[in-house]
Every structure is written in structure tokens, then in C-alpha cells.
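Trainee: Provide a 3D model corresponding to the input given below.
(2 chains)
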Protein chains: 2
Amino acid sequence: MVRELTVDLGTRSYPIYIGEGLLADIAAYFEKHGISKASPLLVVTDGHVAKHHLKLVMDRLAEGGYTAVSYTVAAGEKSKSLAVLEDIVGACLQAGLDRKSTVVALGGGVVGDLAGFVAASYMRGIRFVQIPTTILAHDSSVGGKVAVNHPLAKNIIGAFHQPEMVLYDTSTLLTLPDRDVRAGLSEMIKHGLIWDAEFTAWCEANAEKLIGLDPEALQYGLYNGCAVKAAVVSQDERENDLRAILNLGHTIGHALEAVAGYNELQHGEAISIGMVGAAMLSVRMGNPVEILTVTERIFKKFGLPTRIPAHFDTEAIMRAMMHDKKFSEGRMVYIIPTAIGKVEINKNVSAEWVREIVDRLKRED
Amino acid sequence: MVRELTVDLGTRSYPIYIGEGLLADIAAYFEKHGISKASPLLVVTDGHVAKHHLKLVMDRLAEGGYTAVSYTVAAGEKSKSLAVLEDIVGACLQAGLDRKSTVVALGGGVVGDLAGFVAASYMRGIRFVQIPTTILAHDSSVGGKVAVNHPLAKNIIGAFHQPEMVLYDTSTLLTLPDRDVRAGLSEMIKHGLIWDAEFTAWCEANAEKLIGLDPEALQYGLYNGCAVKAAVVSQDERENDLRAILNLGHTIGHALEAVAGYNELQHGEAISIGMVGAAMLSVRMGNPVEILTVTERIFKKFGLPTRIPAHFDTEAIMRAMMHDKKFSEGRMVYIIPTAIGKVEINKNVSAEWVREIVDRLKRED
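Mentor: Reported below is the predicted structural model:
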């Protein structure tokens, strides 16, 4: 069974397909969506993903009458650089990619962001297809945010560039390490917490199936996670307002990632701590305590961290948060849950309260 | 007197101001167009322009209550690289530019393209003001095409990113070398040839005044050149069709620049030869011979070249043209004048005819 949903953006609308074994039919999907056979394609992937899935993709594209070349980057955040982008553009030129060509991102968030920015900037923008191969990427592959890093800041050089489609073959998830699975589910839970109480309850009830990669549960969960993302992005493509709610847990989360040097904590782990922090802030502001107890309970059920490791320095975390664009004059913009399945954008959170929460998150529970 | 016109692009519409001494009022123009004083600005310029105009700009911005930092690149095409872009983004981060900040391009085409792509990609796009300081840049500063070069190809990494406004202070043109003046006027003449027979006749009649930088003639000419560009871009922002007419003379012109290694011929000189070539092709296709005689006469009047220097290799020129995206299966897309002030996009020009014209352009007249 293939689930399908649409990201509704007027003339830039596109479908997300979710199902097992979709990659075997990649050429048919490309044809259906008017990807040109007259112009060469470039498939960008990383060393890990290439081992498992690149041959299938290249073979099926060739069988379907497509001319495709591939470019494999080293796995990991370091590949999201302008130097790698310049090298990929060289490969595009040598392969003869033209204005009608398409860049295909086969991989997780790093590959999607990098290949997406290649597609956004090559010849001032060519077409782009996202093929996420991680659970985490159900988030990053939808919504058109693409970027590379600068030595001084993550994701600071980029664009909004919507894909032609997202092709989510859930069989690619079966080879993921357990830690990546849990960390990836963190964004799925976030999509419930910001938008859909019923889906949140479903996630909690189906934690074991999700962690165990039960195909039916996984597809249903990814479908609903993508649906929340699609609904939010449809209403605010360029993050003027509403789209900020997708950052629930991310202010503390990004600061933890920065302090940990992007090694000790995975993104999904950092934001699960951040979402518990946001729930604490919410209760501190007078909202029902249930918000915190449910939030903590869910993340524990998924084996995700809910506390900051004790050796993290509070001041370093606070400093990292102050570098965040959302901070000014002792007040911060914060996404605050007001109920399970509901959040508000609060532009007036005191830095002192945040410090208090960071301290509390560092104490053992 | 300040002339004003609008590039009509719906919510992305913007004004072009043309007049003498506008830079002294830069802060007032910024204020009028809602450029934020709460967020720092970055002014990008090059070594030549900095000497003449940077102090005035920085002083007047500061007096007007703006916080601005400047970044000066080396003059010349080499600065249009991803490496320089990365360095400028570092300067943006250190100066604390945020989503409400503005990048100001103070210079010619290189500075405009480079600073524009910084503005297009920093934090996925911030605001941008063009302050052209060459005649040639009356073309490149209007229309939102921004880019950097790749070692293998010019302008291949970029975006469409429209400025908030174009501020054209014609007093900055008074220090231009005579050769740059003539070469810059070549794009002005082009705007007449593709769109406006009356303006073409005016250019020819006022050649001496224009070359002599007569203020009134210069402002009238730049206003009309920008007006043609604005009209075309308004109808086809992303070069799906009509916008291609702006490439009159550019297929041969780009090939000549490539073969000359971007040294021997200035861009404006290369396209003046290219426009004579396009007129020859037109006559070859059965259009009135007057198209060629008028085209040649005008460029000669401006002291611009109308023939390819004899030592250029025809085969090298043909090869360079084949690399052009507009070539396939022995046929080329060509902008062909059908009368003075009128062109057509011809997608079926035989490569053999083009070779014949290139040969003819190499013979002495």
C-alpha cells in the first residue's frame, strides 16, 4: 500500500509518497511527474546509503530510460559545506546537467540539505527530488529548507527550494541503527505535540512497534508526521510566522548540540530534552502540569533522553542560546506548549526562566 | 532632478532611482523604503570603488542612524567565487546580520552579482539594495539575476533575488575610464535595438554626449535602458521565454569572451560584435539589409568593435558556442533582430550559418 499526501503550495505543490519498496518503481514515479529523460540527472548520496541503495536506484533509472550520474559524499555533517557544493556543481557541469535536469537527494538530512542547495543554485535553480532514507528526514525532506554550513554557523547559507516530490521508501529504514531509529522518532513525536493530540496518543501507544520498525506502524506514523509538516508549511512557506512552531524544543536542542560539538547528542536526542524543557517552561508559566508529565512519559517510553547530561556547562548552554537569532534584550522567542497537541509562539520569555529550566534539566530525575 | 521607475513584479516590485548625487541622501532613501535601523547592514564594494565612494556611503548611513559594516573585495571577476562568498558570510555573522538585515552592493556587475547572491543565500535570503557605479551595471543591477562563478563556468551558481531598490547615482560614473564608458553604453544600445526604435535613434543622435558623460543625456539614456530591462523582466522574471531577448548579441559575445580568456575584450565590446553578427544572420535569413547597416553604423559611432579580431580561431569560437546551453543537434536558439527595435527568439538557426557569420566577422570591413 502506498500512502500519498500533498504539500499545498499553489504552483509549487508536490506529492509525498510513502510505502515499502517504492524505489523499485522510481522511474515510473519520475515519469509520472514529468522528470525529463532528455536531460541528465544527478543522484547525490553518502557512503553509507550508497552501499545499500545506490545500485538499485541507478539500475532502475537506467532501465526506465533515464541518463543518471551519481555523486557520493562522505557521511556526516562535514559534507554540508560550500567546498563540497562546488565539487558537486563541477560534476553537474561535467555530466552536462542543463536547466531541465533534476538533482536527486538519496539519503538523510545532510544529503537532502546539500543536494537541495545544489538544485536551488545550479543555473539559478533546477528541479529536485527528495528520497529520504532515515526517519529523521521525514521532517527535513518536506518543506523546502535547504542549506549548507559555514565554519561559524549551521545552515546559514541556503534557500527555500521545494522538491518536485518526496519518495519515501520505508524499506530503506530497516538497516538503520537502533539509536538513529529512536532519535528519528523524536521529530515524529514533535509533530504530534505541536498539532495533533490524537496522533500523540497513537505514538505513545505504538512506541514499541515504531521502535521495532513495524512496517504498518512506521508508515502510518511517517504519514501523519509528514501531514503535520505539510499543513504547517502550506500556511507559511518562508517562516514568517506559523512555521516557527516546528522549532518546538529546538532552541535548547540546538544549544545542546553546539555545546556538545555535534557529537555526543544526536539531533533527535537534543530536541527531546528541549521539548521537555519547553514543557517545564509552560508549566512555570501557569499551564497545566499534565503537559510536562505526558511529554516526559512519552520520550521515556521511546528511550529518548529527558535530561541534560550533568557535565554540560549551564553558562555555555546559555551563551549558545544567545547566539540564536531569536534572542534580544533579555527576552527570547520560544515555542511553548499550551496543551498536548497545541503550542504558541511566545516572544517574551525571560532569559532568567530559561536559565532556571536549564539548571533543572541538569539535575537527575 | 531624480528620475524614478518601477520594476513591476507584484509583491516583489521595486523602484529604480536615477540622478546626480543620490548617494548623499542614501539614508533617506533607505528609510523611505523601510530598511531597518535595528539590524546591521553590510556594504559590499571593491577596491576601486571604495577609494571614490565608500567613505561617503558609510558616513551618510551612520549620520542617518544606520549601523553598517563594509567588506571590500578585490576588483575583477575573480572575486565572484564561493570562497569569497564564504568569507563575506563570515563577516555577516561577525557583524551580527540577522533576518531583517540588508546587504548593499556598491559597485559594478561583479559586486552586484556577488553581494546579491550573499543576500539571496544568507539565512535563506535577506534584503538587498543595488547601487551600480558603472554604466554596464544599469543592466545587471535590474532584474534580480545574481550568481558567482565556478572554475568551469561563469554565473553557474546563483539565484533570482530581486533588490529592494536600485539607487543609481550618475555622479559615480564620472571617474570611469573612457573604454569602460563606451563598453557600458553597448548594453544601453542593446536595450534600444531589442525594444524601442525611437530610443535607438536617440542613442545614435546623442553618441557624443553619452561618451562625454553629459549628465542630462546620461540620465535620460540610463532611464530608458533600465525601462526596457524592467519591462522585459516584469513579463518574465525567471527567463522562461521573453527574457531571453535580453541576450541579443550574447551567444557570439560570450563565446568571444571565453576564447579571449576574459581579458582582451570587455563584455560590452564582445556583445557589440555579437549584435552585428545577429544582424548579419537576420539579413542572411531574408530580413531587410537596413537592420545590418544601422546596427553597424551605431556601434561604429560609439567607437565599439564590429568585427572579431583576426587572430581569434573560428573553431574555438564555435566550440565555445556549443558549450552554450542553447545549442542542440546542429541547431541553435538565437535572438534575431527583425527590424530596428524588434527581435524574435529563433530556435532553429543552423550552426552552419553561424559559422559562416563568424568567418565573415573575422574579415576586415
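Trainee: Three-state assignment for residue A:105, please.
Mentor: Here residue A:105 is recorded as strand under DSSP: H, G, I helix; E, B strand; the rest coil.
Trainee: For the nearest residue to it once chain neighbours are set aside, which residues are in contact?
Mentor: Closest residue to residue A:105 apart from its sequence neighbours, by CB to CB, 6 or more residues apart in numbering or on different chains: residue A:115 at 3.7 Å. For the C-beta atoms, the positions are set from N, CA and C on the backbone; glycine is no exception. Going by CB atoms under 8 Å, 6 or more residues apart in numbering or on different chains, residue A:115 touches A:44, A:88, A:103-105, A:107, A:128, A:146.
Trainee: change it to 10 Å
Mentor: Residue A:115 is in contact with A:42-45, A:71, A:73, A:85, A:88, A:103-107, A:128-131, A:146, A:163, counting by CB atoms under 10 Å, 6 or more residues apart in numbering or on different chains.
Trainee: Please, which helix or strand holds it?
Mentor: In this structure, residue A:115 sits in helix A:109-121 according to DSSP states H and E.
Trainee: repeat for residue A:142
Mentor: Applying DSSP H and E, one finds residue A:142 in no helix or strand.
Trainee: what about the helices in the stretch 251-365 of chain A?
Mentor: A:267-284, A:290-301, A:314-322, A:351-362 (DSSP state H, counting those that start in this stretch).
Trainee: before we move on, what about the stretch 101-250 of chain A?
Mentor: Taking DSSP H, counting those that start in this stretch, the helices of the stretch 101-250 of chain A run over residues A:109-121, A:137-140, A:178-195, A:197-205, A:207-211, A:215-235, A:250-259.
Trainee: possible to save those as CSV with mean pLDDT?
Mentor: Output for those, formatted as CSV (pLDDT from 0 to 100):
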stretch, mean pLDDT
helix A:109-121, 98
helix A:137-140, 94
helix A:178-195, 97
helix A:197-205, 98
helix A:207-211, 98
helix A:215-235, 96
helix A:250-259, 92
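Trainee: residue ranges with poor pLDDT in chain A?
Mentor: A:261-263, A:323-330, A:364-365 (pLDDT under 70).
Trainee: domains for it, by residue range?
Mentor: Following automatic domain parsing, one finds the domains of chain A at A:3-175, A:179-362.
Trainee: of all the ones you listed, which lies closest to residue B:340?
Mentor: domain A:3-175 (30.6 Å; CB to CB).
Trainee: now that closest one, how far from the chain's geometric center?
Mentor: 14 Å (CA atoms, centre = their mean, to the nearest Å).
Trainee: how close does the residue most central in space within chain A sit to residue A:331?
Mentor: Centroid-nearest residue in chain A: residue A:140, 2.8 Å away (criterion: CA atoms, centre = their mean). Noted for residue A:140: a distance of 29 Å to residue A:331, by CB to CB, to the nearest Å.
Trainee: Could you do residue A:155 as well?
Mentor: 24 Å.
Trainee: now do residue A:244
Mentor: In terms of CB to CB, residue A:244 sits 15 Å off from residue A:331.
Trainee: more crowded one of the two?
Mentor: Between residue A:244 and residue A:331, counted using other CB atoms under 10 Å in any protein chain shown, residue A:244 has the larger neighbour count: 19 against 15.
Trainee: Quick check: residue A:31 touching residue A:60?
Mentor: No. Contact criterion CB atoms under 10 Å: residue A:31 and residue A:60 do not qualify, at 11.6 Å.
Trainee: Spell out which residues are contacts of both of those two.
Mentor: A:25, A:66.
Trainee: Show me which of these two is the more surrounded one.
Mentor: The neighbour count for residue A:31 versus residue A:60, taken as other CB under 10 Å, is higher for residue A:60 (18 against 15).
Trainee: Following the chain onward from the host helix or strand of the more buried one, which element is next?
Mentor: Counting by DSSP H and E, the element that carries residue A:60 is helix A:55-63. Using DSSP H and E, the next helix or strand after helix A:55-63 towards the C-terminus is strand A:68-73.
Trainee: Could you point out the helix or strand that follows that next one?
Mentor: Following strand A:68-73 in sequence, per DSSP H and E, is helix A:82-94.
Trainee: what packs against that next one?
Mentor: strand A:41-46, strand A:68-73, helix A:109-121, strand A:145-150, helix B:82-95, strand B:145-150, strand B:153-160 (3 or more CB pairs under 10 Å, 6 or more residues apart in numbering or on different chains; DSSP states H and E).
Trainee: quick one: contacts for the nearest residue to the residue nearest to the centre of chain A once chain neighbours are set aside?
Mentor: Among residues not flanking residue A:140 along the chain, residue A:109 sits closest, at 4.1 Å (CB to CB, 6+ apart). Listed by CB under 10 Å, 6+ apart, the contact partners of residue A:109 are A:77, A:80, A:132, A:134, A:136-137, A:139-141, A:184, A:187, A:267.
Trainee: residues from the stretch 1-150 of chain A in reach of chain B?
Mentor: Remark: the part of the stretch 1-150 of chain A in contact with chain B comprises A:38, A:81-83, A:85-87, A:89-90, A:92-94, A:96-100, A:117-118, A:120-125, A:144-148, A:150, using CB under 10 Å from any CB of the partner chain.
Trainee: Is there a quick ChimeraX command that grabs whichever of these are buried?
Mentor: Filtering the residues of the stretch 1-150 of chain A next to chain B down to the buried ones (16 or more other CB atoms under 10 Å in any protein chain shown) takes a single ChimeraX command:
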select /A:81,82,85,86,89,90,92,93,97,98,99,117,118,120,121,122,123,124,125,144,145,146,147,148,150
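Trainee: So residue A:196 sits against residue A:339, correct?
Mentor: No. Look at residue A:196 against residue A:339 with CB under 10 Å: they stay out of range, at 11.5 Å.
Trainee: Thanks a lot, see you next time.
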